[in-house]
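Visitor: any chance you could fold what I've pasted below:
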Amino acid sequence: MLLIKCPYCEEERPELEFRNAGEAHLVRSPAISEQSDDDFAAFLYFRQNPKGLQFERWRHIHGCGRFFNAVRDSVSDKFLTVYKAGEPRPDVEALLNPEAASVSATAAEPAKKRAPRAKKAEL
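Guide: Numbers count the residues shown, from 1 in each chain. Predicted structure coming up:
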């Protein structure tokens, strides 16, 4: 069974508790009444379905009921990360290469001085 982590409940739950709600980060036209029928149909029905990483919207139906976004690999069906609705897309390169992202993040941070360790008292 596939386990999915809800970013609101902060628990991994079985896939039966969730529903896929389609592609994430779709931007609706501000003037729908001025759109042609073909343009609106393209927005409403036609989605990209690439092989590989996909940004998807999910809903925790049998839990908190809230929507969230996920990055899922459609080939392996593995979830790389989940994040709350309204948050920006995560960096895909950082998800695929966590070592490279952590090295660049540590290089960008100033070096922190460690406090000396306290010696253990001898009995």
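
Visitor: just confirm Phe43 is within a strand.
Guide: No: Phe43 is assigned helix when assessed by DSSP: H, G, I helix; E, B strand; the rest coil, not a strand.

Visitor: does it really touch Ser29, like I thought?
Guide: Yes: the criterion here is CB atoms under 8 Å, and Phe43 meets it with Ser29 at 6.8 Å. Quick note: C-beta positions are derived from backbone N, CA and C, even for glycine.

Visitor: overlap in contacts, those two.
Guide: Counting by CB atoms under 8 Å, 6 or more residues apart in numbering, the contacts common to Phe43 and Ser29 are Gln35.

Visitor: between those two, which has more neighbouring residues?
Guide: Phe43 (15 against 11; other CB atoms under 10 Å).

Visitor: what residues are up against that one?
Guide: 26, 28-29, 35.

Visitor: now render those residues as CSV, adding distance to Gln54, pLDDT and secondary structure.
Guide: Conversion of those to CSV gives the following (distance: CB to CB, whole Å; pLDDT from 0 to 100; DSSP: H, G, I helix; E, B strand; the rest coil):
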residue, distance to Gln54, pLDDT, secondary structure
Leu26, 13, 83, coil
Arg28, 20, 79, coil
Ser29, 23, 77, coil
Gln35, 25, 86, coil
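
Visitor: list the contacts of the closest residue to Glu15 other than its chain neighbours.
Guide: Closest residue to Glu15 apart from its sequence neighbours, by CB to CB, 6 or more residues apart in numbering: Leu2 at 4.1 Å. Listed by CB under 8 Å, 6+ apart, the contact partners of Leu2 are 14-15, 77.

Visitor: now, which of those residues sits nearest Lys84?
Guide: Glu15 (19.2 Å; CB to CB).

Visitor: much appreciated, bye for now.
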